[in-house]
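Colleague: Sequence plus predicted model, see below.
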Amino acid sequence: MKNTAKKLKNKKFLRMIIGLVMIFLLVGSILFWEGTRGKINIDNSLINASLITVSPSTSGQLIEMDAKEGKMIKKGDTIAVVGDQTIRAATDGLVVSANNQLGGSVSPQNQLIQMIDPSQMRVAGTIDENKGLDQIRVGQVVSFTIDAYPGKKFWGYVDEISQTANKTQASFSISSTRPTQQFTVYARFNANAYPELKNGMSAKMVIYTNTH
């Protein structure tokens, strides 16, 4: 009798443990679902700014180069002198590369400098077309983290969604399996508020789809 009662007690205890584990799993699943609902993660992201290329309008000898890598230049500043042509900046920008081969011959096909406008930097993220692209809208709030600054969160908003796939492929295969296309989502942020961010830094984006 005592052994039977002990076995019944052990079975009740085991059922209670199993029941508690199931409850914890259910609650955990609900919390996870609530925490991820309305969010789309784009891990393949980076800080991006369009390159501005400056070249001479006519061929000639590079006599003077006033721009150098890392220098901020203002609209109207002298960049270089090619032959009898003085080349000035058409816009503000940060020089990221410069041709320092003084005395060399340059032409309109040769770039003198490349620069970016830091105020126009954005976060660019690549997303598969079947991973929530249809839920993303311009104006939605975005948070992003930068690999170089672990633990710090930055904020912005969706500024643009590419209208064409990054690599459009025409498949004539008889296979029913089609390649998944990828699109780029751009997020704007206040560059003045985050001066530590630099063009090309690796990032991870989170888009909050319920904010628009």
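Modeller: Sure, I can see it. Numbering: from 1, shown residues only.

Colleague: Residue 147 reaches residue 197, doesn't it?
Modeller: No: with contact defined as CB atoms under 8 Å, residue 147 does not reach residue 197; the gap is 11.6 Å. Every C-beta, even on glycine, is put in place using the N, C-alpha and C of the backbone.

Colleague: more neighbours, the two?
Modeller: Taking neighbours as other CB atoms under 10 Å, residue 147 and residue 197 compare with residue 197 leading, 19 against 10.

Colleague: Where does the prediction get shaky in the chain?
Modeller: Applying pLDDT under 70 to the chain picks out residues 1-37, 168-177, 212.

Colleague: Apply 50 and report the result again.
Modeller: For the chain, the stretches flagged by pLDDT under 50 are 19, 23, 25-36, 172.

Colleague: quick one: the helices in it?
Modeller: Secondary structure of the chain (DSSP state H): helices at 2-36.

Colleague: Check the burial of the residue nearest to residue 120 when sequence neighbours are not counted by counting its neighbours.
Modeller: Ranked by CB to CB, 6 or more residues apart in numbering and with sequence neighbours excluded, the top spatial neighbour of residue 120 is residue 49, at 5.7 Å. The number of residues packed near residue 49 is 21, by other CB under 10 Å.

Colleague: Pretty sure residue 49 sits against residue 123.
Modeller: No: counting by CB under 8 Å, residue 49 does not reach residue 123; the two are 10.7 Å apart.

Colleague: How is the protein partitioned into domains?
Modeller: Residue ranges for the domains of the chain, per automatic domain parsing: 38-48+119-211, 52-118.

Colleague: mind listing the strands for this protein?
Modeller: With DSSP state E, the ranges of strands along the chain come out as 39-48, 52-54, 60-65, 72-73, 78-82, 85-88, 93-98, 105-106, 113-116, 122-128, 141-146, 153-161, 182-188, 202-208.

Colleague: Could you list every helix and strand in contact with the second one?
Modeller: In this case it means strand 52-54. Packing contacts for strand 52-54, counted by 3 or more CB pairs under 8 Å, 6 or more residues apart in numbering; DSSP states H and E, involve strand 113-116.

Colleague: centre of the chain versus the strand it packs on, how much separation?
Modeller: 20 Å (CA atoms, centre = their mean, to the nearest Å).

Colleague: Direction included, what does that strand pair up with?
Modeller: strand 52-54 (antiparallel), strand 93-98 (antiparallel) (DSSP bridges).
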